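In: Fold the following, please.
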Amino acid sequence: MLGNDYKQQNCSIARALELVGERWTILVLRDIFLGVRRFDDLQRNLGVARNVLAARLERLVGEGILEKVPYQERPLRHEYLLSDKGLDLWPVVVELLQWGDRYAAPSAGPPILLRHKGCGGVLGERRICSDCAQPLSVRDVRAEPGPGASARQASLARHR
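Out: Here you go, the predicted model:
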C-alpha cells in the first residue's frame, strides 16, 4: 500500500510532490499566477475550506515558494506573492494547463488563454508565442478568458 508521503523515495519527482503535490496546492498556485493573491479571494475563487487553504498557504510560504506580504495595516491583512522559487514553477503549471487544454478542455475550447503582452499572440507549445515565435516567460504573458470560459471565469478575469 502506498503511504501518505514520498519521503522514502529517492527521486526528485517524489520530493517535488512533497512540496506541491497535495490536493489544492497546484490550484492555489494557478490562481496566484493568474493574479488572485488575497486569502478571501483565493478561498472564494477555489471554493476550498478556509483551514485547508490556510494550511496550503502556510506550507508554500514555509517552503519559500510564496512570500506573505502585508497590504493593509488595520486590520493587518496579507497577500501572497510568488518568490523566485515559486516563479520557477510556471513552466510546470503551463504544461499542466496545455495538457488539460489538449485532453480535458470543454467542447467550446480552453477556459484560459495565455496571451503574449508584446504582440498579442497566444502562448504555444514549449512556451513559444504562436505569432512572433519568441520564447515567453511568466512576465511576458497575461491570462484572459478563452472560448471555454464559464461566465464566472470571464467575470473574474475582467476584474483583475
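
In: Tell me the secondary structure at the spatially most central residue of the chain.
Out: Centroid check for the chain by C-alpha atoms, centre = their mean gives residue 30 as the closest residue, at 1.3 Å. In the three-state summary, residue 30 is assigned as helix, counting by DSSP: H, G, I helix; E, B strand; the rest coil.

In: for residue 64, same thing?
Out: Secondary structure of residue 64, reduced to three states by three-state DSSP: coil.

In: can you tell me how far the nearest residue to it once chain neighbours are set aside sits from residue 129?
Out: Counting by C-beta to C-beta, 6 or more residues apart in numbering, the nearest residue to residue 64 once its immediate chain neighbours are dropped is residue 85, at 5.1 Å. Just so you know, the C-beta spots here come from the backbone N, C-alpha and C atoms, and that holds for glycine as well. According to C-beta to C-beta, to the nearest Å, residue 85 and residue 129 sit 26 Å apart.

In: Counting neighbours, go ahead and name the busier of those two.
Out: Between residue 85 and residue 129, counted using other C-beta atoms under 10 Å, residue 129 has the larger neighbour count: 21 against 14.

In: can I assume that one is in contact with residue 123?
Out: Yes: between residue 129 and residue 123 there is a contact at 6.7 Å, judged by C-beta atoms under 8 Å.

In: list residues touching both of these two?
Out: 116, 136 (C-beta atoms under 8 Å, 6 or more residues apart in numbering).

In: ok, and what's touching the one helix or strand the residue nearest to residue 64 maps to?
Out: When elements are assigned from DSSP states H and E, residue 85 belongs to helix 84-87. Surrounding helix 84-87, the residues in contact under the criterion C-beta under 8 Å, 6+ apart are 29, 32, 60, 63, 64, 65, 66, 138.
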